[in-house]
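# Sequence and predicted structure, then a few things I'm wondering about:
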Amino acid sequence: MGRVVLSIDAELAWGFHDLQEPPADRLRDPRAAWRRLVELLEEFSIPATWAVVGHLMLEEGNGDHADHPLAGSGWFDADPECDATAAGHWYGPDLVEEVRSAAADHEIGCHAFSHVVFDRDRIDESTATAEVRRCVELADEWDLSLESFVFPRNVVGFREVLARHGFRAYRGNTPSRWYDDSAAYPLAKVADFAVSDSPPPIVSPKIDEHGLVDVPASLCLFSFERGAPVLEPVIGDHPVVRQAKLAIDEVADGDGIAHFWLHPNDLVHESDYDRLREVLAYVATRRDEGRLTVETIGDVARQTLDRRDVPERTYG
């Protein structure tokens, strides 16, 4: 039986604070989008891995983060000196609590402390360690155990740091598709999403050299914005919905994992919620038919490690 995994990059303003021109529409009301996403998942009883930026777990702060290797570098300049009630885009303990207390059995994972990109050409191991260690400390305060990691901007690096801090798994990169290296990439992607009967990559977890389970992504549910309004009347479904349904049918009829992901910030227009609702409803229908299961990254990791008879690791 196949599986569907949904992972969520839960970052609010932290996903954009290093950009010169943050997308204003995606920061208009990300807290409302977060809450509506929780409600949508409740509607269809679908659990997800919420990879939370650690800073959102804070109740308040002074913005200096003096013990962080990037203190004084300008990295935290946008972090306001206030509490969660006054800085809703930078602090979100109430939102994290909504995920934790939801009826759906969500997993709270990690998206680094301040959305530092784990690129060895940009940071060193001490910075990666500080980002991970602070999240683990905050999770301990919340009585949470972090098992799954989603790398900011999907730049996979410093996996050994995750292993040292007790993580079991991470979301790996999407396998290449035929159009990725095409000279006509945009047109080729349009053609593939709109008319091809090939689903996005159906993935399998694998244990890497650090003992971590790599659960690759299959499809970003908001990866195809341009061209969709023109194509939708022709093909019936939004191109991404069409791709998601192909992936869901593929795992329902066979094996493997369809791993979808998104940000709460992606939900800007009512049509975005409609699109996501259509995907979730289709997942729920196939699940209720007994054709697939819906799992978190942590679920997949535990099953993978148990199946391989990997001994329990200890961390110092």
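Noted; the coordinates are in hand.
# Just confirm R35 is within a helix.
Yes: with DSSP: H, G, I helix; E, B strand; the rest coil as the criterion, R35 is part of a helix.
# Give the burial count for S218, as a bare number.
Neighbour count of S218, defined by other Cβ atoms under 10 Å: 25. The C-beta positions use only the backbone N, C-alpha and C, and glycine is treated the same way.
# Give me the phi and psi for it.
Backbone torsions of S218, given as degrees, to the nearest 10, read phi -100, psi -50.
# Quick check, it in contact with R177.
No: because the distance of 10.4 Å does not satisfy Cβ atoms under 8 Å, S218 is recorded as not touching R177.
# what residues do those two have in common as contacts?
With contacts defined as Cβ atoms under 8 Å, 6 or more residues apart in numbering, the residues shared by S218 and R177 are 200-201.
# Do you have the helices of the stretch 151-300 of the chain handy? List them.
Using DSSP state H, counting those that start in this stretch, the helices of the stretch 151-300 of the chain run over 159-164, 185-195, 228-235, 239-252, 270-288, 297-307.
# tell me the most buried of those helices?
For those, the largest average neighbour count (mean count of other Cβ atoms under 10 Å) is found in helix 239-252, namely a mean of 22.
# so for that one, what's the average pLDDT?
The average of the pLDDT scores along helix 239-252 is 95.
# list the helices and strands it packs on?
Using 3 or more Cβ pairs under 8 Å, 6 or more residues apart in numbering; DSSP states H and E as the contact criterion, the neighbours of helix 239-252 among helices and strands are strand 2-10, helix 185-195, strand 219-220, helix 228-235, strand 257-262, helix 270-288, strand 292-295.
# Contact partners for I257?
With contacts defined as Cβ under 8 Å, 6+ apart, I257 is in contact with 2-5, 202-205, 215, 218, 251, 300.
# What's the per-residue pLDDT of it here?
With respect to pLDDT, I257 has a value of 98.
# Okay, and the beta partners of it?
When bridges are assigned using DSSP bridges, the partners listed for I257 are R3, V203.
# Low-confidence regions, the stretch 151-300 of the chain specifically.
Where the stretch 151-300 of the chain drops to pLDDT under 70, the residues are 178-195, 224-236.
# Apply 50 and report the result again.
Per-residue confidence for the stretch 151-300 of the chain (pLDDT under 50) gives these ranges: 226-233.
# Next: the stretch 1-150 of the chain.
Confidence mapping of the stretch 1-150 of the chain against pLDDT under 50 gives zero matching residues.
# can you map out the strands along it?
The residue ranges that make up the strands of the stretch 1-150 of the chain, judged by DSSP state E, counting those that start in this stretch, are 2-10, 49-52, 60-61, 82-83, 107-110, 148-149.
# Reformat those into a markdown table and put distance to P30 and mean neighbour count next to each item.
What follows is those, written out as a markdown table (distance: least, Cβ to Cβ, whole Å; neighbours: other Cβ atoms under 10 Å):
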| stretch | distance to P30 | mean neighbour count |
| --- | --- | --- |
| strand 2-10 | 9 | 25 |
| strand 49-52 | 13 | 30 |
| strand 60-61 | 18 | 16 |
| strand 82-83 | 17 | 14 |
| strand 107-110 | 18 | 26 |
| strand 148-149 | 21 | 27 |
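# Present those strands as CSV; the columns should include distance to G290.
What follows is the strands of the stretch 1-150 of the chain, written out as CSV (distance: least, Cβ to Cβ, whole Å):
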stretch, distance to G290
strand 2-10, 12
strand 49-52, 23
strand 60-61, 47
strand 82-83, 47
strand 107-110, 23
strand 148-149, 26
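# For C135, which of those is the nearest?
Of all the strands of the stretch 1-150 of the chain, strand 107-110 sits nearest to C135, with 4.8 Å by Cβ to Cβ.
# Report the distance from the closest one to the chain centre.
For strand 107-110, the distance from its own C-alpha centre to the chain's C-alpha centre is 9 Å (Cα atoms, centre = their mean, to the nearest Å).
# just stretch 50-57 next, same as before
Taking Cα atoms, centre = their mean, one finds the center of stretch 50-57 at 11 Å from the center of the full chain.
# Isn't D237 up against K245?
Yes: with contact defined as Cβ under 8 Å, D237 and K245 form a contacting pair (7.0 Å).
# Quickly list what's touching both of those two.
Jointly contacting D237 and K245 under the rule Cβ under 8 Å, 6+ apart is no residue at all.
# which residues sit in contact with V203?
If you count contacts by Cβ under 8 Å, 6+ apart, V203 has them with 172, 175, 215-218, 256-259.
# Next, find the distance separating it from T304.
Here V203 is placed at a distance of 12 Å from T304 (Cβ to Cβ, to the nearest Å).
# F149 too?
Computed as Cβ to Cβ, the F149 to T304 distance reads 15 Å.
# What is the burial count for the closest residue to L262 other than its chain neighbours?
Here the nearest residue to L262 in space, its sequence neighbours aside, is L221; by Cβ to Cβ, 6 or more residues apart in numbering that works out to 4.5 Å. By the criterion of other Cβ under 10 Å, L221 has 22 neighbours.
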